[in-house]
Structure formats: structure tokens, C-alpha cells
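In: Attaching a predicted model along with its sequence, questions to come.
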Amino acid sequence: MSRIVFENATLFDGLNPEAIDPMFILVDGREIKEVSDRPIKAEGGERIDCRGKTLMPGLIDNVEECERHGAYVCAHCHPTEAIRRCVEYGVRSIEHGTLIDEDTAAFVAQRGAYVVPTMAVVSALADDGPKLIEASRKKLKMIQERALAGLQIMKRAGVKMGFGTDLLGAQHVRQGTEFTLRSQVLTPFDILHSATAVNAEILQMKDKLGVVKPGAFADLLVVYGNPLKNIDLLATNGRHLTHIMIDGRFVKRPTA
């Protein structure tokens, strides 16, 4: 497997609210081997000069991944009563949690469970509003408002929030809207932390996914700009991603 050194990167490691630069990251095969604030020697390896662009962990859509792996009990819940009951019975992750209230959020936080809000799918349904009957449009508007308020409630309560979209089929092109929608309430760090390190915890892959540190899998993005300052850089279907690495292999990189 090849060795690759990313040089002069602005690093968001998935854990810290401040990006650090300049940083140097060595990838050897499938794993990150070294992260340093000094140049790394790697004879025979490829060197990529990031020129100040942001290097960060790959993003994880947890609704999709939980369903794919089925590694533990998760539940799809919208009403607050269903959320509480599932957590009482030991469910570790609640997908959606759209109608959560203050008391239930405090209970979820106390039990150490996770909630994965899915704002994008609600927005996608609203965009299709003209196709719905009037009663359905009114109900959807209420759900949108409650979902946004739910983000505020969960943040205040200290609920560990993951990141997901629940978009299917042709709606996948709207995945980036999850970043924009959440930014109405949450900070860029809140959103990025959810989509990286927190989602890795939910998948029981802490320190292996969602972080940039030695021993983690080499799932990496290089972003033209700093998403900690402008989260919308990740809401453009990859237009601001210059490099995408999955499992140590590039699936996107400049051709010249």
C-alpha cells in the first residue's frame, strides 16, 4: 500500500473546536500513521501540499450506516413518548427524535443515549408541498418548526446528537441541506462534531472513524476553505472538496 503525506493542512480533527495549521498527516495504507505540526519524513511517499486548505475526517450519515450494519438496537421515533419508552428499554440511538421536549431530552442525556435528528428529509418533503393536500402541508409545517426547536432543546440538555439525513433515492442530492438547516441553531463545530466523532461513537468505532489521529482509518476530506467558519462549504454536493479519500484510496482528487 502507498504512503501519502498531506502537507501544510489546516486540520480539523473531529474533536477540537479550533482548526490548527500548518499540520502534516502521514497515511500508510488504510490508516493514519502520524499527525504532526512538523514536516514528516516518508521516503518514497507521495506528497500533497494542501496549501492551507482544511483536512478533516470523512463524514458519516448515521441513519444510513446504522441500518446497513445493524450493530446494536436503534429506533426510529418522532413522538416524545416513544423516545422516552425506547430509551427506558435500553435503546442506544434514537433516529429522528423530531418532537422531543425538554423533560425527555434531559432524560435521554442522563441515560447517555444518542439522538440523530434528520432535518433534510423534513425539508425535502416540504419542498414537495404543492403535491400534498392542505392538511398534510399544515402538519408538515408544524413538524418543521418542532424539529428545529428540538435541536435547541437537545443542545441545552446536553444530548449527544449524531448526524443523518434519511434521504432516499433521488433525494440524496439534497444531503448537503442538513448542514445548512442545522446551522440555523447549531454552531459549525456542533454540526461537524456530530457528523464525524459523535457518529463514530454511535457506530462503536470511536478512534477509528470520524477523527484524524494515528491509528484511525484513512477516511479524509480536503476542503477548499474552512467549514468551521463556513459550514455551507459542505452543502454544495462536493464542489468544495478537492480530495476525498476512503480507506486510504482516493475517490476524488485533482486531475492535474
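Out: Nice, thanks for sending it over.
In: contacts, neighbours, all on C-alpha from now
Out: Fine.
In: Report the distance from stretch 183-191 to the chain centre.
Out: Centroid separation between stretch 183-191 and its chain, computed with Cα atoms, centre = their mean, to the nearest Å, is 11 Å.
In: okay, how far is it across it, tip to tip?
Out: Its first and final residues considered, stretch 183-191 spans 8 Å by Cα to Cα, to the nearest Å.
In: How about residues contacting it?
Out: Stretch 183-191 has contacts (Cα atoms under 8 Å, 6 or more residues apart in numbering) with 17, 148, 151, 152, 163, 179, 182, 227, 228, 229, 230, 231.
In: can you rerun that using 7 Å?
Out: 17, 151, 152, 179, 227, 228, 229, 231 (Cα atoms under 7 Å, 6 or more residues apart in numbering).
In: what comes up buried for it?
Out: Judged by neighbour count (16 or more other Cα atoms under 10 Å), stretch 183-191 contains these buried residues: 183, 185, 186, 187, 188, 189, 190, 191.
In: Tell me which two of those sit farthest apart.
Out: Longest distance between any two of those is 11.8 Å, between 185 and 189; criterion Cα to Cα.
In: ok, the residue nearest to residue 118 when sequence neighbours are not counted to residue 14 distance?
Out: Leaving aside its chain neighbours, residue 118 sits nearest to residue 165 (4.7 Å; criterion: Cα to Cα, 6 or more residues apart in numbering). According to Cα to Cα, residue 165 and residue 14 sit 19 Å apart.
In: follow-up on the earlier one: restricted to strands, list the contacts of stretch 183-191.
Out: Among these, DSSP state E puts none in strands.
In: for this protein, what spans make up the helices?
Out: Counting by DSSP state H, the chain has helices at residues 62-69, 80-88, 102-111, 119-127, 134-157, 177-182, 188-193, 199-202.
In: what packs against the longest one?
Out: Counting contacts by 3 or more Cα pairs under 7 Å, 6 or more residues apart in numbering; DSSP states H and E, helix 134-157 packs against helix 102-111.
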